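Student: here is the input, now give the coordinates:
(2 chains)
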Amino acid sequence: AQSVTQLDSHVSVSEGTPVLLRCNYSSSYSPSLFWYVQHPNKGLQLLLKYTSAATLVKGINGFEAEFKKSETSFHLTKPSAHMSDAAEYFCVVSLYNFNKFYFGSGTKLNVKP
Amino acid sequence: EAQVTQNPRYLITVTGKKLTVTCSQNMNHEYMSWYRQDPGLGLRQIYYSMNVEVTDKGDVPEGYKVSRKEKRNFPLILESPSPNQTSLYFCASSLVRTNTGELFFGEGSRLTVL
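Tutor: Modelled structure (predicted):
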């Protein structure tokens, strides 16, 4: 069975400070892992993906994530938060053939001036 | 412009009145899927389709129907809506051939069933 746990429902940081959004997964197969971002009243947009290549994955807008198989984690980080990063972030796991996708419950990121 | 278009974006209806939410993509994607988003639950997959005339259930298919008669369209049908189907619905598509798994989402359809 597949599942995704986002460990924080809300994260608040100050502009210019690092961001860490945590995600743990369980999967019976070698997973593909994704992070998506949802801005208010918008659809979801892909930030980055891991599909069994390099374990450190770089995405758009300065975000990156590291796949750690031993810890079954795929945490999302950014060195310096920007006001425009305020949004909801979803960690997603998929089977190798990409027909089913399992979403975490989401983490709302608040960025304070 | 490459996009996934959903209609309507907002709908208020009453229990039992059949409705259809349309989804269309212009990227020639084989894969299309419907999700519902509820607070604290993330997105849950309702149905998906790997290609024309090929559909399968996701994790929460009860009360919903879909069809895939054309590659670009994947409507979601609620034959007899109930209040527990009040939710935000997203359609998504993906290009299977590249096997990247990237989903392209519509902007969502907010449905309220009274």
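Student: what strand or helix carries the residue nearest the centre of chain A?
Tutor: Among the residues of chain A, A:Trp35 comes closest to the average C-alpha position under Cα atoms, centre = their mean, at 3.5 Å. Element membership of A:Trp35 [criterion: DSSP states H and E] is strand A:32-38.
Student: ok, residues contacting that strand?
Tutor: Residues outside strand A:32-38 that contact it (Cβ atoms under 8 Å, 6 or more residues apart in numbering or on different chains) are A:21, A:23, A:25, A:44-52, A:59, A:63, A:65, A:67, A:74, A:76, A:87-96, A:98, A:101, A:106, B:101-103. Yep, even glycine has a C-beta here, placed from its N, CA and C like the rest.
Student: let's see it at 7 Å
Tutor: With Cβ atoms under 7 Å, 6 or more residues apart in numbering or on different chains as the contact definition, strand A:32-38 has outside contacts at A:25, A:44-51, A:59, A:65, A:67, A:74, A:76, A:87-94, A:96, A:98, B:101.
Student: please enumerate the strands of the chain.
Tutor: No chain specified, so I'll use chain A. Counting by DSSP state E, one finds strands in chain A at the ranges A:3-6, A:10-14, A:19-21, A:23-26, A:32-38, A:44-50, A:56-58, A:64-68, A:73-78, A:87-94, A:101-103, A:107-112.
Student: actually, chain B is the one I wanted.
Tutor: B:4-7, B:10-13, B:19-25, B:31-38, B:42-51, B:54-57, B:65-66, B:76-78, B:87-94, B:104-105, B:109-113.
Student: who does the fourth one touch, helix- and strand-wise?
Tutor: Right, the one you point to is strand B:31-38. If you count contacts as 3 or more Cβ pairs under 7 Å, 6 or more residues apart in numbering or on different chains; DSSP states H and E, strand B:31-38 packs onto strand B:42-51, strand B:87-94.
Student: ok, back up a step: need the strands of chain B in a markdown table (columns: mean pLDDT).
Tutor: Formatted as a markdown table, the strands of chain B follow (pLDDT from 0 to 100):
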| stretch | mean pLDDT |
| --- | --- |
| strand B:4-7 | 96 |
| strand B:10-13 | 95 |
| strand B:19-25 | 97 |
| strand B:31-38 | 94 |
| strand B:42-51 | 92 |
| strand B:54-57 | 93 |
| strand B:65-66 | 98 |
| strand B:76-78 | 98 |
| strand B:87-94 | 95 |
| strand B:104-105 | 92 |
| strand B:109-113 | 96 |
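Student: okay if I get those strands as CSV plus mean neighbour count and distance to A:His10?
Tutor: Shown next, in CSV, are the strands of chain B (neighbours: other Cβ atoms under 10 Å in any protein chain shown; distance: least, Cβ to Cβ, whole Å):
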stretch, mean neighbour count, distance to A:His10
strand B:4-7, 18, 28
strand B:10-13, 13, 26
strand B:19-25, 19, 30
strand B:31-38, 24, 17
strand B:42-51, 21, 14
strand B:54-57, 14, 32
strand B:65-66, 18, 34
strand B:76-78, 19, 30
strand B:87-94, 24, 19
strand B:104-105, 22, 23
strand B:109-113, 18, 22
